[in-house]
Structures are given as structure tokens and as C-alpha cells.
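Student: generate coordinates for the sequence data below:
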Amino acid sequence: MEGVEVEFERFGSTSGTADIAEGIYNACITEINDVKDRLRTPVDGCYEIKFDVEGVPFEVKTSIFIDFDRLPNGELDPDKNSWQWQFNNLLQTLNYNGGFDRVGKFRNENGEYEDDVAFELCKAVQAMPENKTSRYPYVINLQRSKKGFMEAGRRIFLQKDRAKLEAFVSKPKKQTASTTPQSGVRL
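Tutor: Numbering: from 1, shown residues only. Prediction:
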């Protein structure tokens, strides 16, 4: 429009983004959603957890991908279902006594089958006494993803269990064989 001064900022500009350091932050869970239907690759379950993180001006997420690996008798193989560590950590943090049984069916705290896992987990978040007394009852580890975005690590703990998260984060990570030459420029 002629005669009107408009401030220009290019779409996608990063001038307003904050540079947040990796580390342990106080957080609260704002949403848990079942996002399995959004994935291109079929999985048995995928739950996205959204956080409001103290001192972080943007929403932070993590996802738990569940893909059942079964034994010949149809039961879940306890040695090959690595998702169980992250998912069961969430259940333990929420003090939720339900979960997946040995055949991969989710049972609520009364032992009854439950189809809407995300709804059950949201009810557990709302029932936590810590969520009623503290703005940020949990601690999470913020880390940079392979794509450069900040995301929550794989473990969530209550504030009182901060030492457990610190111990988990400080464990040395498994080294993988590098295919990149030690000298030269990485692209």
C-alpha cells in the first residue's frame, strides 16, 4: 500500500528465537497426545508429550514410539522392547499403576483394558498432587536433536528426584563407529 510504512521481517526469520542451553530444566506437562495416525510408518503406539519449561520461551516436546517386538508365543519380548524404559519411566513419575501387559494391551489402574491411553495419562497428570502445588513439578533434560531443534530427553522425573535425572544424563553414551574421517571438513 502506498504511503504506509510496514516493518519487514522475512518469513522464517530467526531474529526472535532464543538460544537455549542444553541441560536440566524445571517443567510441567501441558499435553499428552496419541499421534500414531500422523506417522508414515505404522507403529503400535506413539505418544507426544508437550511441556512448558521454566525460562524457555517455546513449547518443548518429546515422543514415545512403541513398536511391539513379540516372542513366538505372542507375548512381548522383554529384551527387545526398548520403548518400555521411557514409557514406564513416565508411568512411574506419574505414580500410575497401570500400563501395557505382557501381550501389549494397555490396562488402567483397575486392571481393565483401556483404549485411550493418552486420556488415561492426562488424567494421571491432573491427579498428581505435585501438579496442584508447583508450577513446574517435573525436571527434564533439554538437548539438541539431530536436526538442531531443542527437545526433551527420554526421561521425566519429579523435582524431588532430580538426582536420578542427573545420574541418567551423566552416564556415558555408547560410542558408535564413525564413518567420517577424523581429518577434513564435516558437511
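
Student: so which residue is smack in the middle of this structure?
Tutor: Thr62 (2.6 Å; CA atoms, centre = their mean).

Student: what count of nearby residues applies to the closest residue in space to it that isn't next to it in sequence?
Tutor: Nearest residue to Thr62, sequence neighbours excluded (CB to CB, 6 or more residues apart in numbering): Ala152, at 3.8 Å. C-beta coordinates here come from the backbone N, C-alpha and C atoms, glycine included. Neighbourhood size, Ala152 [other CB atoms under 10 Å]: 21.

Student: is it true that Ala152 touches Glu48?
Tutor: No: using CB atoms under 8 Å, Ala152 makes no contact with Glu48, being 10.6 Å away.

Student: which neighbours do these two have in common?
Tutor: 61-62 (CB atoms under 8 Å, 6 or more residues apart in numbering).

Student: for stretch 101-108, which positions count as buried?
Tutor: Going by neighbour count (16 or more other CB atoms under 10 Å), the buried part of stretch 101-108 is 104, 106, 108.

Student: in this protein, which spans are strands?
Tutor: Applying DSSP state E to the chain gives strands spanning 23-34, 45-53, 60-66, 99-100, 106-107, 138-144, 150-158.

Student: distance to Glu114 and mean pLDDT for these - can I get that in JSON lines?
Tutor: Shown next, in JSON lines, are these (distance: least, CB to CB, whole Å; pLDDT from 0 to 100):
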{"stretch": "strand 23-34", "distance to Glu114": "12", "mean pLDDT": "96"}
{"stretch": "strand 45-53", "distance to Glu114": "12", "mean pLDDT": "96"}
{"stretch": "strand 60-66", "distance to Glu114": "14", "mean pLDDT": "95"}
{"stretch": "strand 99-100", "distance to Glu114": "10", "mean pLDDT": "96"}
{"stretch": "strand 106-107", "distance to Glu114": "5", "mean pLDDT": "96"}
{"stretch": "strand 138-144", "distance to Glu114": "23", "mean pLDDT": "94"}
{"stretch": "strand 150-158", "distance to Glu114": "21", "mean pLDDT": "92"}
